[in-house]
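1. Please find the sequence and the predicted model below.
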Amino acid sequence: MSDAVIQVRGLTRSYVMGAETVHALRGVDVEIRRNEYVAIMGPSGSGKSTLMNLLGCLDTPTAGEYWLNGQEVSRMTDDALARVRNKEIGFVFQTFNLLPRATALQNVELPLVYAGVPAAERRRKAAAALERVGLGTRMDHRPNELSGGQRQRVAIARGLVNEPALLLADEPTGNLDSTTTEEILGVFERLHEQGQTIVLVTHEPDVAQHAARTVVIRDGRIASDTPNRQRAA
Amino acid sequence: MKLLDAVREAAHTIRTQKLKTAFSAIGVLIGVTFLIAVVSIIEGMNSYMEDKFANGLIGLNTFQLARQPMYNTGNVTEEMWRDWQRRPRVRYDDADYIEARLTTPAVVSRYCRDRATISAGGKVAKDIDLIGTDPQYFTIKNYDLAAGRIFTPQELRTAQPVMVIGSLVGEKLFPGQDPLGKEITVSGIPYRVIGVVEPQGTLFGLSMDKFVVTPYSAPARRFICPIGVLDYVSFQASDPQTMLQVRDEVEGLMRQRRGLRPGTPNNFDFTDSKTALEGWNKISRVLLTLLPALVIVGVVVGGIVIMNIMLVSVTERVREIGVRKALGARRRDILTQFLVESASISTFGAACGILLGIGLAFLVKAISPLPATVAPWSVALGVGIGMSVGIIAGVYPASRAARLDPIVALRSE
């Protein structure tokens, strides 16, 4: 119990669209423990994105409970959720979502800015996070001076910089070629070995295979939840 | 997010978008430029008018008793003008009468003047102020002599043909020579130069050194004023309070001497530096009333421009806002970021406006005789306007940015 990072019970999310109510999630129960590496899969329209938004504290459920790192976050206010996103969650997006005019270092510093960390410490921590993803020599480069793989590594460093309980990656390799995909998945594996809890949302079975466990969503429910076979070293 | 970080981000945005910032800030810039330039020129003119015009022409704590007002402001009707012409003129014996009875201490001076052409040794000087007066005149005008002396009460009493000249007259009639002891002819009557007044500079670009001063009793007096008649009598007191006291006393004495019944208006007028400044004060009041209108137009237009640019900026950066929210920015952080950015653009515009306004004021000073003094309050007001316009213009765009749903924002292209 104490080593559960995510505990979800009866999670439901429906949207009212005009006269119709769309049930995107119809009661999801899942538990993810510390240092797990979980892939969430599902076809489009399955509720996969809705689940990711809820897990990322970008949205609140219609019903059900969501405990993140020991806190009940399903009933929090916007500002409290912002705080949780800042402290507990590191996001990695498909399109990297780096600020184009800021350097790699400044991009990685951003979550620390919102955490109220003083400038000198911010710089030190951001530099350390960039070192961790192997970009120690590219700190002063802007995103357009970096390759796709390097950009995604900057984004991962940004996700890690506040030492979050959960690294939440949404199709992180969707915009990358196969070589770079391997490179980025390698980074995730290393982080996993270092003890980082990772949830990776994807629709590619090949990518999901890199995780230790795969949860498949279909029609707003969990269709399967299976451990993956041991990957080739 | 701390305010300092917000300011740092705003500075970064402005640095990377120089042209956009410059265009956004242009309205505020123009408004503040106007403010600084006009206030600087008015302030400069104020001190100029007081020092040089009023105190220079009339004298410090001095008023003049004359048949009609010396400096007319506003509309003088034909009626008023005819009324003034019908009034009795101020005469030598009026001055004697008042001087004999005045109890408040004051320097009293009789004055008469005309434009004249004077000559010396074949050289001619035209358009010279020919002044007939007494030694007290030099006290009231606060003239220092560059050479020689002023005439004495004895020379006045005995009507000696002596004169004290302005520096320009000396240069014109006796170039490269010492004018002292030389002879100047006025309407065929020779005068001896006994003193030269220190250069007085210019007023509105006109030289203040083209004059000659003679005793009002001197032989050429009939060419200046009709005999026995004065243009005005000056009274100088030690301070403004005493001056008012002297003026009340002189008014009483004149009414008594002319036998004016209570209720009948004065048939004479007083001019002091305040009444002389009335015209200027009217102009500066109009300018200072129009100025806020000009500034407001510039600033309102500027504010609308900034608001629109900020709205565009928010729309362009929807995804950035989504990312920031995902990374932990609260509504307040986003609001602060855009407000500070908007205020920075506007304050930047105001700062440029202040520099431009000061530059403009000094340009006016350099190419015209008008002076300019930068008023610190106008600079402070300029900065204040810049900040508040930016904040007000930023409220709507910033709150729109702050209200964005992070999921929608992240999905936008």
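-> Good, I have the coordinates.

2. Identify the residue of the stretch 251-400 of chain B closest to chain A, quick one.
-> Per C-beta to the nearest C-beta, B:Gly328 is where the stretch 251-400 of chain B lies closest to chain A, at 2.3 Å. Backbone N, C-alpha and C define where each C-beta goes, glycine included.

3. Now that that residue has come up, it's in contact with A:Tyr114, right?
-> Yes: the pair B:Gly328 / A:Tyr114 is scored as a contact, 4.1 Å apart, by C-beta atoms under 8 Å.

4. Next, count neighbours for B:Ser47.
-> Summarising burial for B:Ser47: neighbours were counted as other C-beta atoms under 10 Å in any protein chain shown, giving 11.

5. for chain A, what are the nearby residues on the stretch 201-350 of chain B?
-> B:319-320, B:322-333 (C-beta under 8 Å from any C-beta of the partner chain).

6. Let's see the helix or strand hosting B:Thr33 as CSV, backbone CA atoms only.
-> Assigned by DSSP states H and E, B:Thr33 belongs to helix B:26-48. Output in CSV follows, covering the C-alpha atoms of helix B:26-48 (Å, rounded to 0.1, in the frame of the first residue of the first chain):
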residue,chain,number,x,y,z
ILE,B,26,4.4,53.5,-30.0
GLY,B,27,1.1,55.0,-28.7
VAL,B,28,2.4,55.3,-25.1
LEU,B,29,5.7,56.6,-26.5
ILE,B,30,4.0,59.4,-28.4
GLY,B,31,1.7,60.3,-25.4
VAL,B,32,4.6,60.5,-23.0
THR,B,33,6.8,62.3,-25.4
PHE,B,34,4.2,65.0,-25.7
LEU,B,35,3.8,65.2,-21.9
ILE,B,36,7.5,65.6,-21.2
ALA,B,37,8.2,68.0,-24.1
VAL,B,38,5.3,70.3,-23.5
VAL,B,39,5.7,70.4,-19.7
SER,B,40,9.5,71.0,-20.1
ILE,B,41,8.8,73.9,-22.4
ILE,B,42,6.1,75.4,-20.3
GLU,B,43,8.2,75.0,-17.1
GLY,B,44,11.1,76.6,-18.9
MET,B,45,8.9,79.4,-20.2
ASN,B,46,7.5,80.0,-16.7
SER,B,47,10.9,80.7,-15.2
TYR,B,48,12.0,82.6,-18.2
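
7. Next secondary structure after that helix?
-> Reading on from helix B:26-48 to the C-terminus, the next helix or strand found by DSSP H and E is helix B:55-57.

8. Need the contact partners of that following helix.
-> In this structure, residues lying in contact with helix B:55-57 by C-beta atoms under 8 Å, 6 or more residues apart in numbering or on different chains are B:200, B:203, B:208, B:273, B:276.

9. list the contacts for the nearest residue to the third one once chain neighbours are set aside?
-> Counting by C-beta to C-beta, 6 or more residues apart in numbering or on different chains, B:Met208 lies nearest to B:Gln200, which is 3.8 Å off, once chain neighbours are set aside. Remark: with contacts taken as C-beta under 8 Å, 6+ apart, B:Gln200 is in contact with B:56, B:143, B:166-167, B:208-209.

10. what packs against the longest helix anywhere in chain A?
-> When every helix of chain A is counted residue by residue (DSSP state H), the longest turns out to be helix A:178-193. Under the contact criterion of 3 or more C-beta pairs under 8 Å, 6 or more residues apart in numbering or on different chains; DSSP states H and E, the helices and strands touching helix A:178-193 comprise strand A:37-41, helix A:148-160, strand A:166-170, strand A:198-201.

11. Just want the angle from it to helix A:148-160.
-> Relative orientation of helix A:178-193 and helix A:148-160, computed by axes from the mean of the first three to the mean of the last three C-alpha atoms, to 10 degrees: 20 degrees.

12. Residues contacting helix A:178-193, please?
-> Taking contacts as C-beta under 8 Å, 6+ apart, the residues outside helix A:178-193 that touch it are A:35, A:37, A:133-134, A:147-149, A:152-153, A:156, A:160, A:167, A:169, A:172-173, A:176, A:198, A:200, A:207, A:210, A:212.

13. Now list the buried members of those.
-> Neighbour counting by 16 or more other C-beta atoms under 10 Å in any protein chain shown classes A:37, A:133, A:148-149, A:152-153, A:156, A:160, A:167, A:169, A:172-173, A:176, A:198, A:200, A:207, A:210 among those as buried.

14. related to what we said a few turns ago, most neighbours out of the contacts of B:Gln200, which is it?
-> By neighbour count, taken as other C-beta under 10 Å, the most surrounded of these turns out to be B:Gly166 (24 neighbours).

15. who touches the residue lying farthest from the centre of chain A in this structure?
-> The C-alpha centroid of chain A is most remote from A:Ala19, which lies 33.4 Å away (C-alpha atoms, centre = their mean). Taking C-beta under 8 Å, 6+ apart as the criterion, A:Ala19 is in contact with no other residue.

16. just the one 10 residues further on next, same as before
-> If you count contacts by C-beta under 8 Å, 6+ apart, A:Asp29 has them with A:8-11, A:222.

17. Alright, calling it a day.
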